[in-house]
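J.: I'd like to go over a predicted model; first the sequence, then the structure.
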Amino acid sequence: MGVSKQKAEENRKAILAASEKLFREHGIDGVGLSALMKAAGFTQGGFYNHFESKEALAAEVVATAMDKANDDLKAAIATPIGPDGNRLRRQIDYYLSGAHCSDIEHGCAIAGLTADVRRLGHEAQVHFASGLEVMIETLTALIAEQRPESKDADQARDEARREAISFYNEMVGALILSRALAGNPQLAEEILNASHQTLLKRFALDAEPGQR
């Protein structure tokens, strides 16, 4: 008896989910098809019923992870905040927290996949770049909220975009370095804290609530 279209799609999603988890933990080159399919609950022989190659799988994993990361970011920003709260500060506090640093499986897709993307095929690289562009646009709008209105809207937007790129570079870099320092947890924490404080000061968010 053949597998229904719905069941085949469920199986495909299970392979994608298991692959993303393993790719984040071990790197794409560090995971073989046998281990990947075992983690998904299938035999290796069934892989090619769903994907043409491991490269095709990796491209879809990147696309799916980037879409989810952007959806999660937009949902987090849209979450209501109190009168003394600040959306940008909330994002900085979350991203540069010890809990997020430890959550490699579910944390930032950019930090989890960046090291592998340059070694992947063109399709995966396009998905990654497109997803990052959407993220930068979202962060540009968030940072623009921190700035007074300007008569020159184009200039203000260009400045906000530059700040968003620099802001995200700092956060992702801090997260990647901190995660790499399992042998020196004190330095790992110091890197997160230093970037956290630097970004709060850069955007004048280091005052106590009610003083901003």
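T.: That came through fine.
J.: Give the next helix or strand downstream of the helix or strand hosting A8.
T.: Using DSSP states H and E, A8 sits in helix 5-26. As assigned by DSSP H and E, the chain's next helix or strand after helix 5-26 is helix 33-40.
J.: Give the other helices and strands that that following helix contacts.
T.: When contacts are defined as 3 or more Cβ pairs under 8 Å, 6 or more residues apart in numbering; DSSP states H and E, helix 33-40 packs onto helix 5-26. C-beta here means a position set from N, CA and C on the backbone, and glycine is covered the same way.
J.: buried stuff in the helix it packs on?
T.: Judged by neighbour count (16 or more other Cβ atoms under 10 Å), helix 5-26 contains these buried residues: N11, R12, A14, I15, L16, A18, S19, E20, K21, L22, F23, R24.
J.: Could you export these as JSON lines, including distance to D93?
T.: Below are the buried residues of helix 5-26 laid out as JSON lines (distance: Cβ to Cβ, whole Å):
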{"residue": "N11", "distance to D93": "39"}
{"residue": "R12", "distance to D93": "36"}
{"residue": "A14", "distance to D93": "34"}
{"residue": "I15", "distance to D93": "35"}
{"residue": "L16", "distance to D93": "30"}
{"residue": "A18", "distance to D93": "31"}
{"residue": "S19", "distance to D93": "31"}
{"residue": "E20", "distance to D93": "25"}
{"residue": "K21", "distance to D93": "26"}
{"residue": "L22", "distance to D93": "29"}
{"residue": "F23", "distance to D93": "27"}
{"residue": "R24", "distance to D93": "23"}
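J.: about what we covered before: and the angle from the helix holding A8 to helix 33-40?
T.: On the basis of axes from the mean of the first three to the mean of the last three Cα atoms, to 10 degrees, helix 5-26 is oriented at 120 degrees to helix 33-40.
J.: Can I get helix 5-26 in CSV, CA atoms only?
T.: Output in CSV follows, covering the C-alpha atoms of helix 5-26 (Å, rounded to 0.1, in the frame of the first residue of the first chain):
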residue,chain,number,x,y,z
LYS,A,5,0.0,12.5,-0.1
GLN,A,6,-0.7,13.8,3.4
LYS,A,7,1.5,11.2,5.1
ALA,A,8,4.3,11.9,2.6
GLU,A,9,4.1,15.6,3.4
GLU,A,10,4.2,14.8,7.1
ASN,A,11,7.2,12.6,6.6
ARG,A,12,9.0,15.3,4.6
LYS,A,13,8.4,17.8,7.4
ALA,A,14,9.7,15.4,10.0
ILE,A,15,12.9,15.0,7.9
LEU,A,16,13.3,18.8,7.6
ALA,A,17,12.7,19.3,11.4
ALA,A,18,15.3,16.6,12.3
SER,A,19,17.7,17.9,9.8
GLU,A,20,17.6,21.5,11.1
LYS,A,21,18.2,20.3,14.6
LEU,A,22,21.2,18.2,13.6
PHE,A,23,22.6,20.8,11.3
ARG,A,24,22.5,23.4,14.0
GLU,A,25,24.2,21.1,16.5
HIS,A,26,26.8,19.5,14.3
